[in-house]
Structure formats: C-alpha cells, structure tokens
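# starting from these lines, generate the structure:
(4 chains, ligands or ions: 4)
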Protein chains: 2
Amino acid sequence: MTQSPAEMRVALMAVGKRVTPDRELLIDIIGRNPHIDALGIHRLAQDSRPRIGLATVYRTLRLLEELAVVEADRLGEGHSHYEIRGRDHLHLVCANCGEVLDVPSPIDWKGIAREHAFVVTQSRLELVGLCAACRPGVADHSKSIT
Amino acid sequence: MTQSPAEMRVALMAVGKRVTPDRELLIDIIGRNPHIDALGIHRLAQDSRPRIGLATVYRTLRLLEELAVVEADRLGEGHSHYEIRGRDHLHLVCANCGEVLDVPSPIDWKGIAREHAFVVTQSRLELVGLCAACRPGVADHSKSIT
DNA sequence: CTCCGAATGAGAATGATTATCATTATCAAA
DNA sequence: TTTGATAATGATAATCATTCTCATTCGGAG
Ligand SMILES: [Zn+2]
Ligand SMILES: [Zn+2]
Ligand SMILES: [Zn+2]
Ligand SMILES: [Zn+2]
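Numbering: from 1, shown residues only, chains lettered A, B, ... in the order given. Ligands and ions are numbered 1, 2, ... in the order given. As a prediction, this is how the structure comes out:
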C-alpha cells in the first residue's frame, strides 16, 4: 500500500503498461508536489515537455490511481488533488487559505473493518477548518470563504 | 452540530430565509433517505411537486449546506450524496455494490485539532472497500468494478 | 389588495473529467 | 533496419454534475 516514484515502474510493467517518458515525468512531479491538482501537474509538466497534453495528464492519473500508485482527494474543492500513496494519513484542510496538513492517521480501520465484516482498500479522511494562521481575528490569507 | 428536519425551519429564519414548501419537502426527503444524491432527491420531490426544478434542488442543497443543516459526501462516486448533519460518523463505502454503512466516528478530532492549532468545522471520513456481501468469491451485486 | 424582494423553472453556461480519433512512438519479429 | 501490430499521445468534442441567468411567480408587510 506504499509506493515510490521508482516502484511505479514495477506497477506499470506488472500490468503490461509501458514506462513512457510522460509517465515518468508525471509521477515524478506528483512525488515532489503533494496535493497538486491536474492543471498544476500539466503546467509543471510543460516545463520539461511543452507538447504534453492535458488528456495525457488525466489518463495517466487515472491509470496510476487504478494501480494504487497515487490517490486522489477532493480537499474541499470542486476538483481532485493527487499524491503518491504512502503512509495512511488524514488531511487537515484550511477552509480559508487552502493549506493542507498531513497528519498520521489515528484510525484503527483494521478493527473497524473486522467489526463490520468489511474489507477496507482505501481511506479518505479529512478535517476541514481553519489553520493556525487563519484563526478568527487574523488577516486573510488567500481563498477566503464568502 | 446536530439538525433535524424541524430545526431547519429555525436555521432558515435565523438568516432571514423563507421556509417554503419546496424547502420543507426537500429537507424531509433528505431526512428520510440518508446518502441520497441530487437526482434522487429531485425524482422523489417530483412525486409531491411535479413542477419542482432541478435547480431548486441544487440551490436548496447549497443553502442547507451553508446553514450546516445537511452535509455532502462524495462516497467514491463522481457526484455528491447528502444527509442531515447528525452524530459525527464515518462511512464504509462498498466499492462493489455501493452500500454505505454509517459507523460511529472513532476519531478524536478535538485532540488532533488542539495538537495542530487547527479549528475543525467539518469532518469527512470514509473507508472504501468491500462489504460482507461483496467479499471476493461472492456473486456480483450491482455496480461491479471494471 | 398592492408592492417588492425572495424564490422558482427553464435552460444556458461552466468547469472538471472522459471519450474519440487520427497520428506518432515503441518494440519485437523478420 | 524495416515492418507490422499495438500502445500512447494530442487535439478536440462530448459528458456530467453543478452553477448561473433571467423572466416569471410567490409571499408577506403594509
Ligand atoms: Zn489557513
Ligand atoms: Zn496528504
Ligand atoms: Zn457490497
Ligand atoms: Zn452517513
């Protein structure tokens, strides 16, 4: 359940997919930028490969999700953010500035799964609120709530 | 942080919004059908008020979300599902049949919040996996994964 | 009853994501 | 290396959920 940019190569080959330059670049970008979104990935990718299309970004993201190499989270916004699948953790999402804190997961989902005869394959946990910098009384950071 | 179809009336009036027949009907439907989606709500609403528009459903959902009367969850799918805000709980979402189990939340987010100087206003917790009926080796239920 | 702002319905617009299709890249066999 | 089969890609159209617009209707204060 843990992946690294290098292990992706194995995951791809395991299902007969090619390890292309595009795919190596994209997984590398995601690895270096936790919680980045599709457009952000595309923008960064174009620095190295100007002709890469947005469709390839989405296609690759979906493929890597299916291979359980990356995972998507909505993080309170209307689109997805991606990160390499790693240690189980939850997200503290600031509703004001968008800051996302990764916190070790306090959930014993093995126990919960056992208790409910449920096979857990994925956990999405997020707490939305205000980060220290955005506490009431502090000047706006960026994406203020209307 | 807990609401009932009746309390909505108070919440609406508190911010100068009207308690219309549409709104009463919609909140009632959501109350009776946990984890229902916008189209489902619209379909049921039309039984009582054939002329109600989908826009009204979405407008009302957004309003009730802002008033913290209902909350939305993605539940693994590409659209939102709604339920009345009640006891803090997490969702066990079956990736195969779509079944959603509500489980009391095992998360001490007060402690987490304190620890990270974070003011938590909302928690979205879900575990995706396979329910008892969909365990490997069991015949398909409905929405099988491709 | 009359007036005005709130609420609604119908449909256009938007934004994210996916599908299509013609073209290009890859890799193995000849 | 050339060829041929197949996977991957780019450009763009299509989809899907949700939001917006605006003309019309509704509801309640006066
Ligand atoms: Zn903040
Ligand atoms: Zn994270
Ligand atoms: Zn199931
Ligand atoms: Zn629930």
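# from now on I want contacts and neighbour counts done on CA atoms only, so please keep to that.
Will do.
# domain ranges for chain A?
If you go by automatic domain parsing, the domain ranges for chain A are A:5-83, A:87-132.
# from the chain's centre, how far out does the shortest one sit?
Put plainly, it is domain A:87-132. Chain-centre distance of domain A:87-132: 13 Å, with CA atoms, centre = their mean, to the nearest Å.
# would you work out how far apart the start and end of that domain are?
24 Å (CA to CA, to the nearest Å).
# ok, and does it reach over to chain B?
Yes. Domain A:87-132 lies within reach of chain B by CA under 8 Å from any CA of the partner chain, at A:92, A:106-107, A:109, A:116-132.
# just after the lowest-mean-pLDDT helix or strand in chain A, pick out the following helix or strand.
Lowest by mean pLDDT, DSSP states H and E among the helices and strands of chain A is helix A:5-14, with a mean of 84. Moving toward the C-terminus from helix A:5-14, the next helix or strand (DSSP states H and E) is helix A:21-32.
# what's in contact with that following helix?
Applying CA atoms under 8 Å, 6 or more residues apart in numbering or on different chains, the contact partners of helix A:21-32 are A:4-5, A:8, A:36, A:41, A:44-45, A:52, A:57, A:60, A:82-84.
# top of those by neighbour count?
A:Ile84 (25 neighbours; other CA atoms under 10 Å in any protein chain shown).
# which residue, other than its chain neighbours, is closest to it?
Of all residues not flanking A:Ile84 in the chain, A:Val70 sits nearest, at 4.3 Å (CA to CA, 6 or more residues apart in numbering or on different chains).
# tell me the contacts of the one you found?
Each residue near A:Val70 by CA under 8 Å, 6+ apart is listed here: A:3, A:61, A:64, A:82-85.
# picking that back up, tell me the buried residues within the residues of domain A:87-132 next to chain B.
By neighbour count, with 16 or more other CA atoms under 10 Å in any protein chain shown, those hold A:92, A:107, A:109, A:118-120, A:122-131 as buried.
# spatially, which two of the contacts of A:Val70 are the most separated?
A:Gln3 and A:Leu61 (14.4 Å; CA to CA).
# neighbour count for the two, which is higher?
A side-by-side neighbour count of A:Gln3 and A:Leu61, using other CA under 10 Å, places A:Leu61 first with 23 against 16.
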